[in-house]
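> here you go, sequence then predicted model.
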Amino acid sequence: MSYATGNASYLGGLPALGLSALGVVFGDIGTSPLYTLKTVLNLGGRTPDAGVTLGVLSLVIWTLIVVTTIKYVLVAMRIDNDGEGGIIALMSLLGVKRQHRPAIIAVGLFGAALIYGDGAITPAISVLSALEGLEIPFPAFASYVLPVAVLILVALFAIQPQGTSRIGQMFGPIMALWFAVIALLGLWGIFRHPAVLMAINPWNGLSYLLSGGGKGFLVLGGVFLCVTGAEALYADMGHFGRGPIKLAWSAVVFPSLVLNYAGQAALVLEGAPISDNIFYRLCPSFLLLPLIVLATIATIIASQSIITGAFSMTRQAIQLGWLPRVHITQTSAEGYGQIYVGMVNWLLMLVTLGLTVGFGKSDNLASAYGIAVSATMLMTSALLFIAMREIWEWSVIAAGAVAGAFFLVDAGFFAANLAKVAQGGYVPLILAALVYAVMLIWHLGATAVTARLQDEVTPVEAFMAKIVQQGIPRVPGTAVFLTRAQRDVPPVMVWHVKHNRALHEKLLVLTVTTESIPWVKDTERLSFGEIAPRFWRAAARYGFMERPDIPALLQHAHGLGCTIDLSDVTYYVGHETVVPDIDDKALPRVAEALFAFMQRNSAHLTEYFRLPPGWQPSRGRSCWQSASGEAADVSSPCCAVAVRNRRAHSISPRKSPASAVAL
């Protein structure tokens, strides 16, 4: 994953977009020559002969061709969810948008969770591998590599709140320089030993696998490191478009990677030792320090892409209702993808630093790297088969042949990476399992809350008759009630009348839903109707790449004929309190407790909906009837917040609130 520098339409022509993509999409895969070939050759356990070296290089080249070029650039990027790519977008397209299929949703979500797992390793292994080059001219620096790497990583995460708009403008040219340098270094190595070009023949790789036995098969786990960033090509398609990414890959990245890997292999054929970093042995000694500086910058860019990619994926998951709401800061008005998610940033920093210190060297981290991404790619291949059948309408034979070939290759890499579990591969798997558990529990809890609220709604006719019967005064202005309830009168309105003994003259009940598409057309954004005199119900639709803006939505509704008074609007946002229940519909006790904890600590809806700023909801004392029938008086967020004329006051009920939800 990687971050977006802005919508493609604002970045210029195809070459300019391709240059921008170099700094955003290809940071991870572009820095893989720093550690891939060294890791693969070290798996052999001895000085490799010509057959082993050519076989390994052939496997690397053809892995880049089959996995990245054919699977992702030529096939996967032709399947998009209204222009967006990546496993979450593909999951939404196949598992939600076309029809609800829980199995596909589970596969897509676990694939996304796995990306978080490997995402924590990428900054650690990239920065360590770059700094380890200093051990060649300065052997005494070996003891300083780890502390310097920790300082760089801390600084990298610490600057995230500042945003990446300024730094991002330099990423493309720097990565273009990086690819030019590694290509020239590779050419220099090939010139010294041209016989290395024989590795282009795929038979070299196949014969090595067939003759290497179990050890040859396990080498695939190291070979896979050359394509660990391939998923980013698909995931960032919505930010740059298929054309610029395809151009950057075909014209710059792929040739540069192949030349550099071939140059490194040429040195090995010439007899260079594999005990240290082969990549840096391509460089003349007088240029080694500048190369190390450039490599360090390139790895920081690759790490930046992973970090901000995690921000982007988190927002998508929140929009789709699979993660709790967290505070998201837009760091630039120029690009929607330029955001900062503090909780994700600091958690990712703690995990990354823990991995850096715990493993100590890039060679050790390589043992933990790749298993999560290989599993994600395996899941993507399965989803591509479904897409070929349903979207392209291919026959079972055609779709099975193409997707089956991808699945077979991915399965081989995944099986080889399974051998890494005991050596550290369990780390990304555990991280992915934790993220997936959070996603699953949050979605189950949110679904249960919505179902409970639907059971507590009041018919409009009965509610309005009660207003007249009890002589409830109608005060001037408009009240907008935001609720999950999709019919009748929501509990938050009933609660408001019960405790304030008044109701606004004009009422609007608004339900906001996030669709399984990235963007919703303005013409399809809003639907509303007058269900009683001066009482409207509206439904707003947003894509999972959009952020709701309720004040702007009201302006839109007013323009379409909803005669609410925009000069005097009060917003009411329901805030449910979760209490245990014991009926058949109740969630398991552990899941209920975890969901309640996440809900208490999630960001308030007022921020998510862009309601008027400059205030914070207060915490009050609320009382409700518990499942056992006993009154419980606890401290909790107030169950409704009123916002009026850009100033707000919170309302703390003294009796049982209608928004207490039993799960």
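Structure received. Given the structure is predicted, the values throughout are model-derived calculations rather than measurements. Numbering: from 1, shown residues only.
> does G477 belong to a helix, a strand or coil?
Following DSSP: H, G, I helix; E, B strand; the rest coil, G477 is assigned to strand.
> what's the neighbour count on it?
Counted with other C-beta atoms under 10 Å, residues neighbouring G477 total 16. C-beta: built from backbone N, CA, C; applies to glycine.
> I'd say it and I564 touch.
No: assessed by C-beta atoms under 8 Å, G477 is found out of contact with I564, at 9.3 Å.
> can you check which residues contact both of the two?
Here G477 and I564 have K506 as joint contacts, going by C-beta atoms under 8 Å, 6 or more residues apart in numbering.
> where does the stretch 551-663 of the chain dip in pLDDT?
Applying pLDDT under 70 to the stretch 551-663 of the chain flags residues 574-586, 613-663.
> likewise the stretch 301-450 of the chain?
Applying pLDDT under 70 to the stretch 301-450 of the chain flags the ranges 330-338.
> what mean pLDDT does the strand ranked longest in the chain get?
As assigned by DSSP state E, the longest strand anywhere in the chain is strand 503-514. Average pLDDT, strand 503-514: 86.
> swap in stretch 56-68?
Mean predicted lDDT for stretch 56-68 stands at 95.
> count of residues packed around E515?
When neighbours are counted by other C-beta under 10 Å, E515 comes out with 19.
> I'd like the distance between it and I339.
From E515 across to I339, the span is 20 Å (C-beta to C-beta, to the nearest Å).
> do R547 as well
Counting by C-beta to C-beta, the gap from R547 to I339 is 9 Å.
> next, show the common contact partners of those two.
With C-beta under 8 Å, 6+ apart, R547 and I339 have common neighbours I328.
> neighbour count for those two, which is higher?
Between R547 and I339, counted using other C-beta under 10 Å, I339 has the larger neighbour count: 21 against 16.
> so that one sits against T329, correct?
Yes: if you go by C-beta under 8 Å, I339 and T329 touch, sitting 6.5 Å apart.
> partners of the longest strand of the chain in the sheet?
Strand pairing for strand 503-514, determined by DSSP bridges: strand 474-482 (parallel), strand 535-542 (parallel).
> following it, which helix or strand comes up?
Remark: after strand 503-514, the chain's next helix or strand is strand 526-532, criterion DSSP states H and E.
> quick one: strands adjacent to that next one?
Strand pairing (DSSP bridges) places strand 526-532 next to strand 535-542 (antiparallel).
> residues touching the residue most central in space within the chain, list them.
Geometric centre of the chain, nearest residue: M313, 1.9 Å, by C-alpha atoms, centre = their mean. For M313, the contact set (C-beta under 8 Å, 6+ apart) comprises 1, 86, 88, 112, 115-116, 235.
> report the buried members of these.
In these, burial by neighbour count holds for 1, 86, 88, 112, 115-116, 235, counting by 16 or more other C-beta atoms under 10 Å.
> just those: which are in strands?
Judged by DSSP E, the buried ones among the contacts of M313 include no members of strands.
> just give me the least confident of those residues.
The member of those with the lowest pLDDT is M1, at 39.
> could you measure from A552 over to F609?
Using C-beta to C-beta, we find A552 at a distance of 10 Å from F609.
> that older thread, out of the contacts of M313, who's nearest V402?
Taking C-beta to C-beta as the measure, V402 sits nearest to G86 out of the contacts of M313, at 19.9 Å.
> and N204, its phi and psi?
Dihedral pair for N204: phi -60, psi -40, per degrees, to the nearest 10.
> could you report the separation of it from T53?
Applying C-beta to C-beta to N204 and T53 gives a distance of 9 Å.
> neighbour-wise, which of the two wins?
More crowded of N204 and T53, by other C-beta under 10 Å: T53, with 27 against 22.
> what's the first helix or strand after the host helix or strand of F279?
F279 belongs to helix 278-281 when assigned by DSSP H and E. Per DSSP H and E, the first helix or strand lying C-terminal to helix 278-281 is helix 288-319.
> please compute how far the helix or strand hosting V127 lies from its chain's middle.
Here V127 sits within helix 121-131, counting by DSSP H and E. Distance, stretch centre to chain centre, for helix 121-131: 20 Å (C-alpha atoms, centre = their mean, to the nearest Å).
> pretty sure W249 sits against F26.
Yes: here W249 reaches F26: they are 7.4 Å apart, a contact under C-beta under 8 Å.
> more neighbours, the two?
More crowded of W249 and F26, by other C-beta under 10 Å: F26, with 31 against 26.
> what distance do you get for that one to G529?
Distance of F26 to G529, given as C-beta to C-beta: 49 Å.
> likewise L225?
57 Å.
> and those two? which has more neighbours close in?
Between L225 and G529, L225 has the larger neighbour count (other C-beta under 10 Å), namely 26 against 9.
> contacts only, for that one.
With C-beta under 8 Å, 6+ apart, L225 has these contacts: 32, 35-36, 39-40, 366, 369-370.
> if you set the cut-off to 10 Å instead, what comes out?
Residues near L225 by C-beta atoms under 10 Å, 6 or more residues apart in numbering: 29, 32-40, 60, 63, 125, 366, 369-370, 373, 417.
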